[in-house]
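Undergrad: need a structure here:
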Amino acid sequence: MLDTQMLPYNAGLNAYARILSRNASDAEDLVQETYVRAIRAMNETQGIFNMKSWLFTILRNVWRNQLRQRRNGFQFVDNCLEETDTHEAVEPSKSPYTLYEEKMKREELQRAIESLSVPLREIILLREYQELSYQEIAALLNCPVGTVMSRLARARNRLRTQLSASHEPQAGRRSQLTH
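TA: Coordinates of the predicted model:
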């Protein structure tokens, strides 16, 4: 049975697992294995200082172990990371067009994040979506805080470049529309 201390982190662990595995089914397995290991270890540990960081560290270690085991095997990658928007509250003050634009921007950002390398994608998720501190990320990734900061800057720059490039007018597009 899932410990109530772990429940607040379920959504974050699922999102992190999906980013790492790029496969919804594998992500579910990662989270489940994380909980199994965490529950077993809770009996042995005394007073976990930062539950969130601890769970994310376990999940990342489980993922890395699975990668090592699969290195020689062929894997299909499921890029179907979209979640349904049914859980989001709709603001009645927004027009359908505004809601559509916002959804399109979220999807564009998601595609841009997915195109990043794993270390950069991981750093963006941990900092911007899971709101971990630089120190927590450094502990989780087992690297210096400076490395976290430089990877985060590099990831943000790549995202900025990708997103701005997708908004530049395409040459010849206007002429195609007028003919």
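
Undergrad: tell me the contacts of residue 59?
TA: 13, 16, 17, 20, 30, 31, 34 (Cβ atoms under 8 Å, 6 or more residues apart in numbering). Any C-beta I mention is one placed from the backbone N, CA and C, and that applies to glycine too.

Undergrad: What about the first one, how many residues nearby?
TA: Under the neighbour criterion other Cβ atoms under 10 Å, residue 13 is assigned a count of 22.

Undergrad: mind saving the C-alpha coords of the top helix by length along the chain as CSV?
TA: Longest helix in the chain, counting residues (DSSP state H): helix 145-167. Extracted C-alpha coordinates of helix 145-167, given in CSV (Å, rounded to 0.1, in the frame of the first residue of the first chain):
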residue,chain,number,x,y,z
VAL,A,145,25.5,22.9,-8.7
GLY,A,146,27.5,24.7,-11.4
THR,A,147,26.8,21.9,-13.8
VAL,A,148,23.1,22.1,-13.1
MET,A,149,23.2,25.8,-13.8
SER,A,150,25.1,25.5,-17.0
ARG,A,151,22.8,22.6,-18.3
LEU,A,152,19.8,24.6,-17.4
ALA,A,153,21.1,27.7,-19.3
ARG,A,154,21.9,25.5,-22.3
ALA,A,155,18.5,23.9,-22.2
ARG,A,156,16.7,27.2,-22.0
ASN,A,157,18.7,28.6,-24.8
ARG,A,158,18.0,25.6,-27.1
LEU,A,159,14.3,25.9,-26.3
ARG,A,160,14.3,29.6,-26.9
THR,A,161,16.0,29.0,-30.3
GLN,A,162,13.7,26.3,-31.3
LEU,A,163,10.5,28.1,-30.3
SER,A,164,11.6,31.4,-31.9
ALA,A,165,12.6,29.6,-35.2
SER,A,166,9.2,28.0,-35.4
HIS,A,167,7.6,31.4,-35.2
